[in-house]
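Novice: dropping the sequence and predicted coords here.
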Amino acid sequence: MRIGHTPQLTMQGIIDDFDRLRPALERVARDGAATPLDAVRLRAPLPRPGKILACIANFWEHGAMEARPLNMFMKNPDAVIGPGDTIVLPEFTEPWIFMHEAELALVIKGPAKSVKKEDWRSAVFGYTGMIDVSARGDGRRTWKTGSWLGKSFDTFAPIGPCIATIDEIPNPNDVQVQFWVDGQLRHNYTTDDMEHFVPQLVEFATTIMTMGSGDLIACGTNHEGLGPLQDGEVVDFEIHGIGRMRLHVRDPLKRTWDKGIYMGADSTNPEAVRRNRPRG
């Protein structure tokens, strides 16, 4: 195992050498002295990924009968924060709304290049959660014309609370994603509603570029249930099988929007797990 000089390099070394390290790690977990979770401060499990690729859309929504073409954008790795941290809205006076997109993210084991979908497991170390915080203008239009600009402000990529290894989640297209703002449930969906499943995402991304250990592929979100994030709110994010984390929201400009779920293009009954995939 190479010695990392940063937390990110340390995590990449663990990913690369995990098969050899696992017996020792399991022995420590079994026999070592446990520290209560409330006595430590968790940080982002991947504090500075080399790359974050994020799907554009990728969930069946709004009565669609055909899947949209698979597409991705790159999100700023320096935007990463972790559990207990604060999402800080940027001090711009553009007429934006800042929204949450809670997503499952794949943690890559690399180097991974031109991986076929039937071999996707060879390129995935495990799973974590990511909130793709997004600046939006009129309606749901992302800021300006490039998705990455409105999604790459500092603190706009909360990741965590931990990494579940690939064997801990038998099927990444069968997990539940939930997200609350001040206790109001907004996202509540399952990943079996993806337009393009995880094996296709791995094949697509590694056809475009070489993915390295500790890189991320965020799988997209179900946009039904979006709402604004604003000053003073507390958000909770849980992916079943991975864990739950809490973050805070701060806006130096103290802007306000109507609280709650935005109706119209992004509406849903937040108490129901919606599956929109067409039959057949």
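Specialist: Good, I have the coordinates. Residues are numbered from 1 along each chain as shown.
Novice: now the strands for the protein?
Specialist: Here the chain has its strands, by DSSP state E, at 52-55, 72-75, 80-81, 86-88, 97-99, 102-108, 124-131, 134-136, 157-165, 176-181, 184-190, 216-218, 234-239, 243-250.
Novice: as a markdown table, those with mean pLDDT, distance to Gln200 and mean neighbour count would be great.
Specialist: All C-beta spots, glycine's among them, are computed from the backbone N, C-alpha and C. Formatted as a markdown table, those follow (pLDDT from 0 to 100; distance: least, CB to CB, whole Å; neighbours: other CB atoms under 10 Å):
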| stretch | mean pLDDT | distance to Gln200 | mean neighbour count |
| --- | --- | --- | --- |
| strand 52-55 | 97 | 10 | 24 |
| strand 72-75 | 94 | 11 | 19 |
| strand 80-81 | 98 | 25 | 24 |
| strand 86-88 | 98 | 30 | 18 |
| strand 97-99 | 91 | 26 | 22 |
| strand 102-108 | 98 | 12 | 26 |
| strand 124-131 | 98 | 13 | 25 |
| strand 134-136 | 89 | 23 | 22 |
| strand 157-165 | 98 | 21 | 23 |
| strand 176-181 | 94 | 19 | 21 |
| strand 184-190 | 90 | 17 | 21 |
| strand 216-218 | 98 | 11 | 27 |
| strand 234-239 | 98 | 20 | 20 |
| strand 243-250 | 98 | 26 | 18 |
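Novice: of the ones you listed, which is nearest Ala39?
Specialist: Closest of the strands of the chain to Ala39 is strand 157-165, at 15.4 Å (criterion: CB to CB).
Novice: packing partners of that closest one?
Specialist: strand 80-81, strand 124-131, strand 243-250 (3 or more CB pairs under 8 Å, 6 or more residues apart in numbering; DSSP states H and E).
Novice: list the strands paired with the shortest one, with their directions.
Specialist: Taking DSSP bridges as the criterion, strand 80-81 forms sheet pairs with strand 157-165 (parallel).
Novice: per-residue confidence for Arg30?
Specialist: Looking at Arg30, its pLDDT is 87.
Novice: and it, how many neighbours does it have?
Specialist: 7 (other CB atoms under 10 Å).
Novice: from Asp167, how far off is it?
Specialist: Per CB to CB, to the nearest Å, Arg30 is found 17 Å from Asp167.
Novice: and Ile81, by the same measure?
Specialist: In this structure, Ile81 and Asp167 are 28 Å apart, going by CB to CB.
Novice: the protein: helices as residue ranges?
Specialist: Using DSSP state H, the helices found in the chain span residues 7-16, 18-31, 147-150, 198-208.
Novice: of these, which shows the lowest average pLDDT?
Specialist: Among the helices of the chain, helix 147-150 scores lowest, at a mean of 77.
Novice: helices or strands up against it?
Specialist: strand 72-75, strand 134-136.
Novice: helices and strands around the longest one, which ones?
Specialist: Pointing back at strand 72-75 there. Other helices and strands packing on strand 72-75, by 3+ CB pairs under 8 Å, 6+ apart, are strand 52-55, helix 147-150, helix 198-208.
Novice: who's in contact with it?
Specialist: Contacting residues not belonging to strand 72-75 are listed as 51-56, 132, 146-148, 151-152, 156-157, 204-205, 208, 217-218 [CB atoms under 8 Å, 6 or more residues apart in numbering].
Novice: what do you get for the last one?
Specialist: Taking CB under 8 Å, 6+ apart as the criterion, the residues outside strand 134-136 that touch it are 90, 94, 96-101, 142-143, 149-151, 153, 156.
Novice: please pick the buried ones from those.
Specialist: Buried residues within the contacts of strand 134-136, counting neighbours by 16 or more other CB atoms under 10 Å: 90, 96-101, 142-143, 150-151, 153, 156.
Novice: ok, Pro170 - how many residues close by?
Specialist: Neighbourhood size, Pro170 [other CB under 10 Å]: 9.
Novice: what does it show for phi and psi?
Specialist: phi -60, psi -40 (degrees, to the nearest 10).
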